[in-house]
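Asks: Starting from these lines, generate the structure:
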Amino acid sequence: AIIDGLSASSFLAERFSTNPIHVAGISAGGNLSAIVGLESHRMYPGKFKSIVADIPMFEPTSATESHRLNSRSSGICPVDFLRWCWSAYFQLEQVKDKKVTIDFSSEVSFIDAFDSSIWSKFMNSQASRLVSPTADLPDLSNDDESPTILVMTATADPLHDAGVDFFKCVEVKSKKCVHIESKGSHLLNNTFDKSAVKKLIEEWSSVFSATATTRDS
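Replies: As a prediction, this is how the structure comes out:
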């Protein structure tokens, strides 16, 4: 997915040379938009105008406090399922065994027993930023070239803390980073917290208005 996203962004940047590009995603797509957007900015500074990461999925170990507290908050993405998704995504050995099952009844034991060392080969390699974009952020100090980065998190979402950590890391390097906190759990926040969704839309719309250009013929 990352390679496909980077290939698509490269094609767009080179094909539509005078048009601004905006990248957005939600949940796992929020991870994808953050990585593709930041990597694309590294390759085409000034071309990518905004990155939206809505309740983004970071942190493969899924061991933050919000993962522990909110694992069953909505039933949409319990921690054991999140870890299975990461394992399947990176084709780790533990998910190749057809007998692997997800135990939805033992949240705490699953979290405490998880061996986070399985991620070491990714997190300690040059490819780590393709797992976690904050591992090696591009230069975001030039306000004229850097994209506006909008991060939305949800208070009862297992992914909450990882999203906040991403925002804090980016905020250190960029003045154009906005965090929007919403109420609710994963995905449900966009249904129940209309004021936060409205703020996200308004912030993103202002970026579109400021960066609008005539389309290529």
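Asks: so the residue nearest the centre of the chain is in which element?
Replies: In the chain, the residue lying closest to the centroid (CA atoms, centre = their mean) is Asn31, at 2.5 Å. Here Asn31, judged by DSSP states H and E, is contained in helix 28-43.
Asks: ok, back up a step: does the residue nearest to the centre of the chain touch Met57 like I think?
Replies: Yes - look at Asn31 against Met57 with CB atoms under 8 Å: they come within range, at 4.7 Å. No exception for glycine: its C-beta is placed from N, CA and C like everyone else's.
Asks: about what we covered before: gap between the residue nearest to the centre of the chain and Ser209?
Replies: 27 Å (CB to CB, to the nearest Å).
Asks: Next: Ser27.
Replies: According to CB to CB, Ser27 and Ser209 sit 27 Å apart.
Asks: List the contacts of Asp136.
Replies: Asp136 is in contact with Ser128, Arg129, counting by CB atoms under 8 Å, 6 or more residues apart in numbering.
Asks: how far is stretch 158-170 from where the chain is centred?
Replies: The chain centre lies 9 Å from the centre of stretch 158-170; the measure is CA atoms, centre = their mean, to the nearest Å.
Asks: Show the average pLDDT along that stretch.
Replies: Stretch 158-170 comes out with an average pLDDT of 96.
Asks: Also stretch 41-59?
Replies: 95.
Asks: still on that earlier bit, neighbour-wise, which of Ser27 and Ser209 wins?
Replies: Ser27 (18 against 8; other CB atoms under 10 Å).
Asks: Would you check that the more buried one makes contact with Met57?
Replies: Yes - judged on CB under 8 Å, Ser27 makes contact with Met57 at a distance of 5.4 Å.
Asks: How many residues are close by Asn190?
Replies: Applying other CB under 10 Å, we find 18 residues neighbouring Asn190.
Asks: ranges for the helices of this protein?
Replies: 2-15, 28-43, 65-70, 79-89, 107-113, 120-123, 160-173, 189-192, 194-211 (DSSP state H).
Asks: among the helices and strands of the protein, which has the poorest mean pLDDT?
Replies: Confidence across the helices and strands of the chain bottoms out at helix 107-113, with a mean of 43, counting by mean pLDDT, DSSP states H and E.
Asks: quick one: Ser17 from Phe11, how far?
Replies: 12 Å.
Asks: OK, contacts around Ser141?
Replies: Ser141 touches Lys173, Ser174, counting by CB under 8 Å, 6+ apart.
Asks: swap in Pro45?
Replies: Asp139, Asn142, Glu145, Ser146.
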